[in-house]
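Trainee: The following comprises the amino acid sequence and a computationally predicted model.
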Amino acid sequence: MKARLDPRKIAPDAMKAMGALHGYVRDCGLDHQLLELVKLRASQMNGCAWCMDMHTKELRAAGETEQRLYLVSAWRECPFYSERERAALAWTEALTKLTDGDVPDAVFETARAQFSEEELVKLTLAIVAINGANRINVGFRAVPGDYRPAARRAAE
């Protein structure tokens, strides 16, 4: 596979704005591993190989287990995700697919029970950000494989 173009070179200001959104999400106060699980699940749904590569590596660097990484797409059938993670993953799936033009009330109520209103807005923004990144990377065919987690880069 070959990349179609590098949006960072073509429109650096646009990509800087996208980077600022991701920076806000990173520093918004929600748990890093929770955010990475959400990003991984949305990226799986969108078929974004570059982002799946990135977020699995970030999760491993943060100490996530292989079992949870392998089974995040089947989280409903697995006992090792917390209620908060389940609510976040259901919210992620509902906002990522929007196939019926609606997010079911039950999904919202479950998320609302696990997250404060402010946290739910921040989680929603994280989902918006990853879906945007997925569309950029899939559309321009970003080639996966060379991403290195921040924790590893900082240690070098």
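Mentor: That came through fine.
Trainee: which residues in this protein form helices?
Mentor: Assignment of helices within the chain using DSSP state H yields the ranges 7-10, 12-26, 32-46, 49-61, 66-71, 83-97, 105-114, 117-139, 150-155.
Trainee: average pLDDT for the shortest one?
Mentor: Across helix 7-10, pLDDT averages out at 96.
Trainee: Show me how far that helix is from its chain's centre.
Mentor: When C-alpha coordinates are averaged (Cα atoms, centre = their mean, to the nearest Å), helix 7-10 and its chain have centres 22 Å apart.
Trainee: Also the fifth one?
Mentor: Here helix 66-71 shows a centroid-to-chain-centroid distance of 15 Å under the convention Cα atoms, centre = their mean.
Trainee: For that helix, which residues meet the burial criterion?
Mentor: 68-69 (16 or more other Cβ atoms under 10 Å). C-beta here means a position set from N, CA and C on the backbone, and glycine is covered the same way.
Trainee: That helix packs against which elements?
Mentor: Counting by 3 or more Cβ pairs under 8 Å, 6 or more residues apart in numbering; DSSP states H and E, the packing neighbours recorded for helix 66-71 are helix 49-61.
Trainee: Could you figure out how far the helix it packs on is turned away from helix 117-139?
Mentor: Regarding helix 49-61 and helix 117-139, their directions subtend 130 degrees when assessed with axes from the mean of the first three to the mean of the last three Cα atoms, to 10 degrees.
Trainee: Show me what helix 49-61 is in contact with.
Mentor: Applying Cβ atoms under 8 Å, 6 or more residues apart in numbering, the contact partners of helix 49-61 are 33, 36-37, 39-40, 42-44, 66, 69, 130, 133-134, 137, 142-145, 147-152.
Trainee: With stretch 11-31 instead?
Mentor: Taking contacts as Cβ under 8 Å, 6+ apart, the residues outside stretch 11-31 that touch it are 7-8, 32, 35, 119, 122-123, 125-126, 128-129, 132-133, 136.
Trainee: Distance from it to the middle of the chain?
Mentor: Using Cα atoms, centre = their mean, the distance from the centre of stretch 11-31 to the centre of the chain it belongs to is 13 Å.
Trainee: Also stretch 66-86?
Mentor: Distance, centroid of stretch 66-86 to centroid of chain: 15 Å (Cα atoms, centre = their mean).
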